[in-house]
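K.L.:
build the 3D model from these lines:
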Amino acid sequence: SSLAPIGGQFTHLAYLYPKTINGISQMGDMGSMPPSGRTLPSAVSPMIQDINGNWYFTMGYLPAGEYRVGYSCLGHLDDPIADDISGGQYVMFKDSGTITIETGSQGGQETIHECGNGNGGHHGGGHHGG
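P.N.:
I've put the predicted structure just below:
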């Protein structure tokens, strides 16, 4: 709570990594050179809460395959061009497991992924690949 922004509104972000990531300690931040042992995310997206309290995010134009999902509620501390995990207060909150993106007949496929049970128990994700 000490890292909350003015007004207390956290920014929730989902990070997509290659399937070779084995856990949260390997999840790096955006930037040009990740520190040793960390991997840059393939994509980052804000998470949005729907009227039912479920969290979701959308990422487009992803190649089909398996990925690993990371989650943080400290997006307000994440400078998109700097490695804030190594040099700042930003932290990845949860390793949300693996997800498989499949292509669809219209060039993409909606995939639902359960990210965890924090923040009221609702973390769902919708990913679009293709």
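K.L.:
how close does the residue sitting nearest the centre point of the chain sit to Met30?
P.N.:
Taking C-alpha atoms, centre = their mean as the criterion, Ala14 is the residue nearest the geometric centre of the chain, at 1.8 Å. Remark: distance between Ala14 and Met30 (C-beta to C-beta, to the nearest Å) = 13 Å. Heads up, the C-betas are built off the backbone N, CA and C, glycines and all.
K.L.:
quick check: neighbours shared by those two?
P.N.:
Val44 (C-beta atoms under 8 Å, 6 or more residues apart in numbering).
K.L.:
give me the mean pLDDT for stretch 64-74.
P.N.:
For stretch 64-74, mean pLDDT is 89.
K.L.:
ok so, going back, got the CA coordinates for whatever helix or strand the residue nearest to the centre of the chain lives in in CSV?
P.N.:
Per DSSP states H and E: Ala14 is located in strand 13-18. Presented in CSV, the C-alpha positions along strand 13-18 are these (Å, rounded to 0.1, in the frame of the first residue of the first chain):
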residue,chain,number,x,y,z
LEU,A,13,-0.7,-4.8,-16.1
ALA,A,14,-0.3,-8.2,-17.7
TYR,A,15,3.1,-9.2,-19.2
LEU,A,16,3.5,-12.0,-21.8
TYR,A,17,6.7,-14.0,-21.8
PRO,A,18,8.1,-16.9,-23.9
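K.L.:
could you list the buried residues of that strand?
P.N.:
In terms of neighbour count (16 or more other C-beta atoms under 10 Å), strand 13-18 has its buried residues at Leu13, Ala14, Tyr15, Leu16, Tyr17.
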